[in-house]
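Colleague: Sharing a sequence plus its predicted fold:
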Amino acid sequence: MSGSPGRPASPDDLRSAPPEGGFVRRVGLFQATAINMSQMCGIGPFVTIPLMVTAFGGPQAVIGFVAGALLALCDGLVWAELGAAMPGSGGSYVYLRQAFQYRTGRLVPFLFVWTAMLFIPLIMSTGVVGFVQYLGYLAPGLGQTSGDLIGLGVIALVVLLLWRGIEHIARITAVMWTVMIASVLLVIVAAASDFSTHLAFTYPAHAFDLTSDHFWLGFAAGLTIGIYDYLGYNTTAYMGAEIKDPGRVLPRSILFSILGIMAIYLLLQIGTLGVIDWHRMTNPADIASTSVASAVLEKTWGKGAADTVTVLILVTAFASVFTGLLGGSRVPYDAARDRVFFRPYEKLHPRHRFPMLGLATMGVITAVGFLIGRHTDLATLIQLLTTVMVIVQALAQIVALTVLRRRQPALKRPYRMWLYPVPGVIAFVGWCVIYGYADKNSPGRHPIEWSLAWLALGCVAFVLWARFEKVWPFGPREVSEEYLTPEEPAVV
């Protein structure tokens with residue numbers, strides 16, 4: 001954006017201005033919040049309620065959604081401050097690049113992009129797995145091969161719809177957000193019309209025994225599932241270069257989406273437990289274990305209503321994959337443009353100005369992850385994607401917030417974290433719990449080992465890439481404080 005007639009552009013204007021030939025700021029507060037909420041409340045809660053009940057062993061599973069909400073809110077405050085101060089495309093990549101460049105050059109942002117190219121599409125894969133699960137309610141005879149082909153077709157359609165300008169995508173997202181709200185509200189209202197307090201609030205023996213290892217294993221598994229359901233509150237941070245007035249819109253879109261989805265999830269979880277006996281959700285042979293929302297509608301309003309709402313849930317699932325790939329495909333673009341990732345990813349579509357190779361790559365990985373999830377189980381896929389993202393994104397970003405407050409104290413921060421540093425400490429502990437219990441909750445799958453192996457492979461890739469590009473440690477360490485004006489020096 002330029003300054004108004006008669007005055008020069010201010011530092012705020014320049015900070016928000018897109019680079020020459022880059023993205024255009026066209027996404028407002030409503031659209032930004034809708035993008036986040038569509039990504040958060042996709043198929044997630046409709047397929048994870050049975051997983052949460054299984055983890056806790058009863059209706060006390062609501063603890064998992066509350067814990068997930070608390071972690072999302074605390075971590076969301078980290079995203080809000082960083083996103084408002086550095087509204088560039090790529091989200092965490094931008095924040096990690098600015099914070100860790102002083103010691104390790106481009107290593108940390110490179111590793112983030114490396115891991116993001118895996119965990120973001122894996123999140124989208126779970127949405128497509130859930131889509132096919134609910135489609136099975138409408139087509140009970142749907143076979144494995146048919147389901148695989150349908151899922152791959154859904155992914156192809158998403159990529160095709162995203163192959164256009166952001167102004168068209170924003171309108172599509174607003175429509176899908178409306179469908180998402182309608183689907184969850186119908187399930188909540190249906191559950192309230194036949195709600196049983198006996199079903200919802202009758203707990204098994206020792207359900208709240210805090211001295212039991214079983215409780216804490218269930219809590220850790222529930223926290224993992226819970227935060228998975230809230231993932232997406234940061235989608236607009238990945239699109240920072242396309243957000244209008246980012247200093248105000250980005251923090252509000254994050255906080256509004258978390259609070260809104262928190263209320264929706266609690267009503268959905270409690271309402272479902274008040275209609276469907278929780279034992280049914282843990283039985284793989286029961287439709288309630290794979291299509292619990294459809295089971296709620298069928299019991300309360302009949303099969304016709306259940307079929308209608310299932311269609312809306314399918315649209316909701318589609319919307320979450322759509323918005324997730326929309327934001328995630330921007331991650332490698334900014335890194336490549338700054339020579340922190342492979343250069344071909346910096347190319348934008350000549351007309352519609354979107355990152356072509358990033359979108360195509362993540363579409364392919366989403367397809368592979370979908371096939372893996374279809375032939376293993378959804379809980380294992382969730383454990384894998386969360387462990388992959390914890391070290392290089394979640395924990396590193398919390399550290400980055402503190403580093404930037406010390407290194408760049410004069411950085412303009414339109415939003416500052418409430419009660420700093422308490423929310424960051426809570427988020428850090430929560431992510432450590434998720435990571436520490438991952439292997440125990442996925443026996444035989446070794447998600448921690450797989451995540452460390454992927455990180456080690458990323459370090460090897462960085463060394464090879466750095467040698468080719470002749471950057472640190474094979475060249476000088478470059479420092480680029482692009483969000484500071486000349487009058488705002490950093491602390492070296």
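Modeller: Now that the structure is in, tell me what you want to look at. No experiment lies behind these values; they were computed from the predicted model shown. Numbers count the residues shown, from 1 in each chain.

Colleague: which helix of the protein spans the most residues?
Modeller: helix 107-138 (DSSP state H).

Colleague: distance between it and the chain's centre?
Modeller: With Cα atoms, centre = their mean, to the nearest Å as the basis, helix 107-138 stands 9 Å off its chain's centre.

Colleague: Likewise for stretch 298-315?
Modeller: Put simply, stretch 298-315 sits 27 Å off its chain's centre (Cα atoms, centre = their mean).

Colleague: Which parts of the stretch 101-250 of the chain are helices?
Modeller: 107-138, 144-162, 166-193, 197-201, 213-230, 235-238, 246-273 (DSSP state H, counting those that start in this stretch).

Colleague: Output those helices as CSV; include the columns mean neighbour count and mean pLDDT.
Modeller: (Each C-beta comes from the backbone N, C-alpha and C, glycine too.) Conversion of the helices of the stretch 101-250 of the chain to CSV gives the following (neighbours: other Cβ atoms under 10 Å; pLDDT from 0 to 100):
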stretch, mean neighbour count, mean pLDDT
helix 107-138, 24, 90
helix 144-162, 16, 91
helix 166-193, 18, 80
helix 197-201, 13, 92
helix 213-230, 23, 90
helix 235-238, 30, 84
helix 246-273, 22, 92
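
Colleague: Go through those and name the closest to residue 52.
Modeller: Closest approach to residue 52 among the helices of the stretch 101-250 of the chain (Cβ to Cβ): helix 213-230, 5.2 Å.

Colleague: which strands and helices sit next to that closest one?
Modeller: Counting contacts by 3 or more Cβ pairs under 8 Å, 6 or more residues apart in numbering; DSSP states H and E, helix 213-230 is packed against helix 44-56, helix 62-85, helix 246-273, helix 378-389, helix 422-436, helix 438-441.

Colleague: Pop out the phi and psi values for the closest residue to residue 235 other than its chain neighbours.
Modeller: Using Cβ to Cβ, 6 or more residues apart in numbering and skipping residues adjacent in sequence, the residue nearest residue 235 is residue 327, 4.0 Å away. Residue 327 adopts backbone torsions of phi -70, psi -40, taken as degrees, to the nearest 10.

Colleague: ok, residue 327 to residue 276 distance?
Modeller: 33 Å (Cβ to Cβ, to the nearest Å).

Colleague: could you list every residue that touches the residue lying closest to residue 179 once chain neighbours are set aside?
Modeller: Spatial nearest neighbour of residue 179, chain neighbours left out: residue 315 (4.6 Å); criterion: Cβ to Cβ, 6+ apart. Contacts for residue 315 (Cβ atoms under 8 Å, 6 or more residues apart in numbering) come out as 176, 179, 180, 183.

Colleague: buried residues in the host helix or strand of residue 315?
Modeller: If you go by DSSP states H and E, residue 315 is part of helix 303-328. Residues of helix 303-328 classed as buried: 305-306, 309-310, 312-328 (neighbour count, 16 or more other Cβ atoms under 10 Å).

Colleague: Against which helices or strands is the helix or strand that it is followed by packed?
Modeller: Per DSSP H and E, the first helix or strand lying C-terminal to helix 303-328 is helix 331-337. Counting contacts by 3+ Cβ pairs under 8 Å, 6+ apart, helix 331-337 packs against helix 92-104, helix 107-138, helix 356-375.

Colleague: For residue 302, grab phi and psi.
Modeller: According to degrees, to the nearest 10, residue 302 has phi 100, psi 170.

Colleague: For it, the count of nearby residues, please.
Modeller: The number of residues packed near residue 302 is 10, by other Cβ atoms under 10 Å.

Colleague: before we move on, what about residue 381?
Modeller: So residue 381, with other Cβ under 10 Å, has 24 neighbours.

Colleague: pretty sure residue 107 contacts residue 462?
Modeller: Yes - Residue 107 lies in contact with residue 462 (Cβ atoms under 8 Å); the separation is 5.8 Å.

Colleague: That's all I had, so thanks and see you.
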